[in-house]
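[1] Need coordinates for the following:
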Amino acid sequence: MVPVQPRRHARPHAALGAGLSLLALLGAPGVAQAQGTGAVPPAAGETARSQEPRAPEAKGEAKGATGKPAEAKRADTRPAETRPAEPRATEAAPEPVPAQGKAQDARAQDAKGQDAKAQDSKASESKASDARSAETKSQPAKPQEAAKRSREPAPLVYAKVSADPNPTLTPRTFLDTLRAAERYAAFAEAGGWERLPDDLARLKPGERHPAIPTLRHHLTLTGDLPADAPPNDRLDPPLVAAIAAFQARHGLPDSGILGRLTINALNVPAAVRQRQLAASAARLMGSKFPFGERYVVVNIPSAAVEAVENGAVTRRYVAVVGSPDKATPSVETRITDINFNPTWTVPASVVKNEIIPAMRKNPGYLAKNRIRILGPAGEVDPTRIDWAGQKAVNYTLRQDSGLDNSLGQVRIDMPNRFAVYMHDTPAKSLFAASVRFHSHGCVRVGQVKELVGWLLQGTDGPNGPGTSWGPIEIETGIADGERRDIKLTKPIPVTFVYLTGFATPDGKAHFRDDIYNLDTPAPEPAATGAIPPAAGADAAKPAPATAPAPPRPGAAHDAKPAPARAAAAKPATVGPAPVRPAPAKPSPERPVTEHRSLESVEPTR
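    Numbering: from 1, shown residues only. As a prediction, the model looks like this:
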């Protein structure tokens, strides 16, 4: 049983408290130390509690003769077993004791010694009790903190892009890609590479697998693994580095870890890779793109934008390009203007296919999206239009500037016959995805304001000649909300290309998914593979006179497995398939509005 502290032991503490108050009034020099703020350390087990702001309440101050706390703001109602130990006498400098009270104080010291032992044994219990009490007190604040965090805007996240300084397109790309196609044709004629098992995707670095020698052979052929690498069946560091190099060439996260997407890319036959290179080179044939010191390249299958200067990529940005059923066309033109706070004139095809059905379901759709209807005599009230028919197509629908505008805050003007361009977007969450084929034909650019700053280099800033367009000037020019058009002093060449296979000047072959199915040759009769096709049958087949069929929806999700399945039906010894050159631009017979995006019609200025 814990001995009860005698009442006479509490009196000196009460007197001590009164004495301290008197010393404080008299300005005695040792007041700070007597109040427990000096250099005298607290007792063991009391350090954590002595640093709390409300320590006097938590510790349980010594009681006076009346049984009430001497200085505490409220009484300590906790059970004796869970109360924290009282501070020892060493926490404050004691007052001098009169001679007649020495015997009494000696008895008090004996009692204090017994109390100290009991308090030390309960120190851990007191600390645990204080921890539980603090946790209980902090629980009501957790929902408030969570609500506060939920109100904060989520940080912008962008998918990782390649750091390779070699541009996708240079004056040498056509010839380099043809050479790479010849190299992969030789791989295909020699039998290519074996298919890797799916369970290889679960392999961790350092582990062994019987398919590792097959993987090493593949990566040695493609130049990712040095030919002098030591052979073994283990996923060692040199092999991990080779896998990372392979992933970088195929637009995959270069982690060096085998995964399902990496295994799928490794299992694409050499003949299919040769076809991608040859078809991409055919699409570059006849190009008259005016390369210069500075130009911009958008490779549609990569969904990326490159700012090239002096033969090297200075900036590369993630992009969102057209979906398979609203393909982004191939374009060669020049960037002439930058538009701040652009408006958006809705194309007639979008009015017919999207706006009219939306207005039938929700008559407030136009008002919610700040889209106005303009007629010959001015603005038209939406309620005066019969949305059951198609009369709305005869009007001009225009969305006002603003953060929720379909073009965002910036539009990069590049006149072309398809009326497509690059621009900002309010739907920035799409930039974090690895598959970014969602637009109606235009190219949405991540971190577009940074690209605009690069494009405006050499153009006079807002304060006249001698000034420039820096990040602050761009933000200020957008902040007023007014439409502003800035003409570039020197137009910059820009091209949208469709390269599923291309070679860089360092000799590396790069591959991307054939999202629009432009590399696929003309449809062939279904075959089981039991009877090989007759030699030269494909070559004798006449090329179709019309443009290729529109890509089927959903090709973005199965573009990589599809070539593998198609090639699996053919014998491994069959050489590279003949390539049907795909047109660099969509057929003129195809309506231009099919390529226009929700953002694609040039606004009326």
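
[2] Now R283: which helix or strand?
    Applying DSSP states H and E as the criterion places R283 in helix 270-284.

[3] Could you list the buried residues of that helix?
    270-284 (16 or more other Cβ atoms under 10 Å). The C-beta positions use only the backbone N, C-alpha and C, and glycine is treated the same way.

[4] Among those, find me the one that's closest to A509.
    Taking Cβ to Cβ as the measure, A509 lies nearest L277 of these, at 6.6 Å.

[5] Surely K288 touches E332?
    Yes. Counting by Cβ atoms under 8 Å, K288 touches E332, with 7.0 Å between them.

[6] Compare these two (neighbour count), which wins?
    Shown here are K288 and E332; by other Cβ atoms under 10 Å, E332 has more neighbours (17 against 5).

[7] part of a helix, is that one?
    No. With DSSP: H, G, I helix; E, B strand; the rest coil as the criterion, E332 is strand rather than part of a helix.

[8] Quick one: list the elements packing against the helix holding R283.
    Where contact means 3 or more Cβ pairs under 8 Å, 6 or more residues apart in numbering; DSSP states H and E, helix 270-284 is packed against helix 173-189, strand 501-503, strand 509-511, helix 561-568.

[9] What residues sit buried inside the top strand by length along the chain?
    Ranked by residue count and defined by DSSP state E, the top strand of the chain is strand 484-497. Judged by neighbour count using 16+ other Cβ under 10 Å, the buried positions of strand 484-497 are I486, L488, P491, I492, P493, V494, T495, F496, V497.

[10] picking that back up, out of the buried residues of helix 270-284, who's nearest E354?
    When those are compared for distance to E354 (Cβ to Cβ), R283 wins out at 30.8 Å.

[11] Do you know the pLDDT at that closest one?
    Note on R283: pLDDT of 96.

[12] Might one say that it is in contact with S330?
    Yes. Judged on Cβ under 8 Å, R283 makes contact with S330 at a distance of 7.2 Å.

[13] where does the stretch 151-300 of the chain dip in pLDDT?
    Along the stretch 151-300 of the chain, the parts satisfying pLDDT under 70 run over 151-154.

[14] Can you show me the strands along the stretch 401-550 of the chain?
    410-413, 422-423, 437-439, 443-445, 484-497, 501-503, 509-511 (DSSP state E, counting those that start in this stretch).

[15] Ok, which of the ones you listed comes nearest R183?
    Across those, the minimum distance to R183, taken as Cβ to Cβ, is reached by strand 509-511, at 7.6 Å.

[16] quick one: strands adjacent to that closest one?
    In the sheet, strand 509-511 lines up against strand 501-503 (antiparallel) (DSSP bridges).

[17] what's the strand it pairs with in contact with?
    The contact list for strand 501-503, computed with Cβ atoms under 8 Å, 6 or more residues apart in numbering, reads 168-169, 173, 176-177, 179-181, 273, 276-280, 299, 509-512, 519.

[18] Quick one: classify V240 as helix, strand or coil.
    Recorded secondary structure, V240: helix (three-state DSSP).

[19] Next, the contact list for it, please.
    P205, G256, I257.

[20] you'd agree I335 is in a strand?
    Yes. I335: assigned to a strand according to three-state DSSP.

[21] ok, how many other residues are close to it?
    22.

[22] Repeat that for V318.
    22.

[23] partners of whatever helix or strand it lives in, with directions?
    Following DSSP H and E, one finds V318 within strand 312-322. Using DSSP bridges, the strands paired with strand 312-322 are strand 304-309 (antiparallel), strand 437-439 (parallel), strand 443-445 (antiparallel).

[24] average pLDDT for the first one?
    By that I understand strand 304-309. 97.

[25] Just the CA atoms of that strand, as PDB, please.
    What follows is strand 304-309, C-alpha atoms only, in PDB (Å, rounded to 0.1, in the frame of the first residue of the first chain):
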ATOM      1  CA  ALA A 304       4.500  14.400 -75.600                       C
ATOM      2  CA  VAL A 305       5.600  17.800 -76.800                       C
ATOM      3  CA  GLU A 306       9.300  18.600 -77.400                       C
ATOM      4  CA  ALA A 307      10.800  22.100 -77.600                       C
ATOM      5  CA  VAL A 308      14.000  21.700 -79.700                       C
ATOM      6  CA  GLU A 309      16.800  24.200 -79.800                       C
END
